[in-house]
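Enquirer: requesting a structural model of the entry that follows:
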Amino acid sequence: MNKLFLIFFSMVFLSQFTIAQTTFHVNKVIAHRGAWKTQGLPQNSLASLKEAVRLGCEGSEFDVWMTADEVLVVNHDHDFQGIDIETSTYEQLLTKKLPNGEKIPTLEEYLREGMKQSGTKLILEFKPSRISVERSERVGELSVKTVQKLGAEKWVDYITFSYEGGKKAIATDPKANVAYLSGDKTPAQLKEDGFFGFDYNIRVLRNKPEWIAQAQHLGLTTNAWTVNNEEDMKWLLELKVDFITTDEPEKLFEILSKQ
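Expert: Take a look at the predicted model:
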């Protein structure tokens, strides 16, 4: 009897877990470095991630660098409070704090926080190394392996300015959703190299709006960054882009509510 109960309980639990991983919001709103601006929160902090989740954003974008001792940390700039990340150890970074008192999050800590919910995707940008292309590839590889280690695949999509790092991430996990940021590749090139889509600056797409339709025809996703202007938001929505990355998620939600 106890054995039958355990089997039944396990089936119910696994079923609920699977459902939880497929209930992410679908509203195009990607909070850039988390939702930080309105509440004055530190960018890329756990607090800004929690605010993006609270708002119900489809995704919360964040940036990943690798320390000299190969710890992946979440921060936008190459330095953290004046300490260069790539040439410093993780312990050295712990001597500084974010303005709200948080320490610099490791990628593992950030992912674990994000996995506590199932509405907002985690948009992981791994930054190109300032040291070497090989190091960029290493960051891409380790980012994917960290996601795999935690079982966070369904939560995470990847973006990067490093074409080589992006291809390394795809090679590490062919099922990984990796979009390219630099704006210098056609949709056809991205498709050929196994990318999931593009995430291009709004200026690139204003100059080449035909790339949106071309990408859609190829089955690629389309995203634009960093879109804070209401006119740009409405233009992108008219062209039916998949995602819009913004520092102003509340503004985009307001526009969407009127459509």
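Enquirer: tell me where the stretch 1-150 of the chain has strands.
Expert: Secondary structure of the stretch 1-150 of the chain, counting by DSSP state E, counting those that start in this stretch: strands at 29-31, 59-66, 72-74, 79-80, 83-84, 121-126.
Enquirer: relative to Ile159, which of those strands is closest?
Expert: strand 121-126 (4.7 Å; CB to CB). For glycine as for every other residue, the C-beta is placed from the backbone atoms N, C-alpha and C.
Enquirer: sec struct for Leu237, please.
Expert: Secondary structure, DSSP: H, G, I helix; E, B strand; the rest coil: Leu237 is helix.
Enquirer: the chain should start at 725 in everything you say after this.
Expert: In the new count, where the first residue is 725, that last one comes out as Leu961.
Enquirer: OK, contacts around it?
Expert: Contacts here follow CB atoms under 8 Å, 6 or more residues apart in numbering; on that basis Leu961 touches Lys752, Ile968, Ile979, Leu980, Gln983.
Enquirer: can you show me the helices along the stretch 825-974 of the chain?
Expert: Along the stretch 825-974 of the chain, the stretches classed as helices by DSSP state H, counting those that start in this stretch are 831-838, 857-874, 887-896, 911-916, 926-931, 934-941, 954-962, 973-981.
Enquirer: ok so, going back, min pLDDT across the contacts of Leu961, which one?
Expert: Among the contacts of Leu961, Gln983 has the lowest pLDDT, at 90.
Enquirer: give me the nearest residue to that residue, chain neighbours excluded.
Expert: Spatial nearest neighbour of Gln983, excluding adjacent residues (CB to CB, 6 or more residues apart in numbering): Leu961 at 7.1 Å.
Enquirer: and the gap between the one you found and Ala759?
Expert: Applying CB to CB, to the nearest Å, the value for Leu961 to Ala759 is 19 Å.
Enquirer: same question for Asp801.
Expert: On the measure of CB to CB, Asp801 and Ala759 end up 19 Å apart.
Enquirer: pick out whichever of these two has more residues nearby.
Expert: Remark: of Asp801 and Ala759, Ala759 carries more neighbours, 28 against 14, as counted by other CB atoms under 10 Å.
Enquirer: quick check: phi and psi at the more buried one.
Expert: Its backbone dihedrals place Ala759 at phi -90, psi 100, with angles given as degrees, to the nearest 10.
Enquirer: quick check: it touching Glu782?
Expert: No: counting by CB atoms under 8 Å, Ala759 stays clear of Glu782, with 12.0 Å between them.
Enquirer: what about Phe786, how many neighbours?
Expert: Around Phe786 there are 28 other residues, counting by other CB under 10 Å.
Enquirer: what pLDDT does the model give it?
Expert: Confidence score, pLDDT, at Phe786: 98.
Enquirer: and Lys915, by the same measure?
Expert: So, for Lys915, pLDDT stands at 98.
Enquirer: wait, doesn't it sit right on Gln940?
Expert: No: using CB under 8 Å, Lys915 is not in contact with Gln940; the gap is 11.6 Å.
Enquirer: spatially nearest residue to Glu974 (excluding sequence neighbours)?
Expert: In space, Glu974 is closest to Thr762, 5.9 Å off (CB to CB, 6+ apart).
Enquirer: just for the protein, where's the confidence low?
Expert: Along the chain, the model assigns pLDDT under 70 to residues 725-746.
Enquirer: switch the cut-off to 90
Expert: 725-747 (pLDDT under 90).
Enquirer: circling back: could you dump the contacts of Leu961 into TSV and include distance to Lys820?
Expert: Converted to TSV, the contacts of Leu961 look like this (distance: CB to CB, whole Å):
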residue	distance to Lys820
Lys752	35
Ile968	32
Ile979	37
Leu980	38
Gln983	43
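Enquirer: put the buried members of these into a ChimeraX selection.
Expert: Here is the ChimeraX command that selects the buried residues among those (16 or more other CB atoms under 10 Å):
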select :752,968
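Enquirer: of all the contacts of Leu961, which two lie farthest apart?
Expert: Ile968 and Gln983 (12.9 Å).
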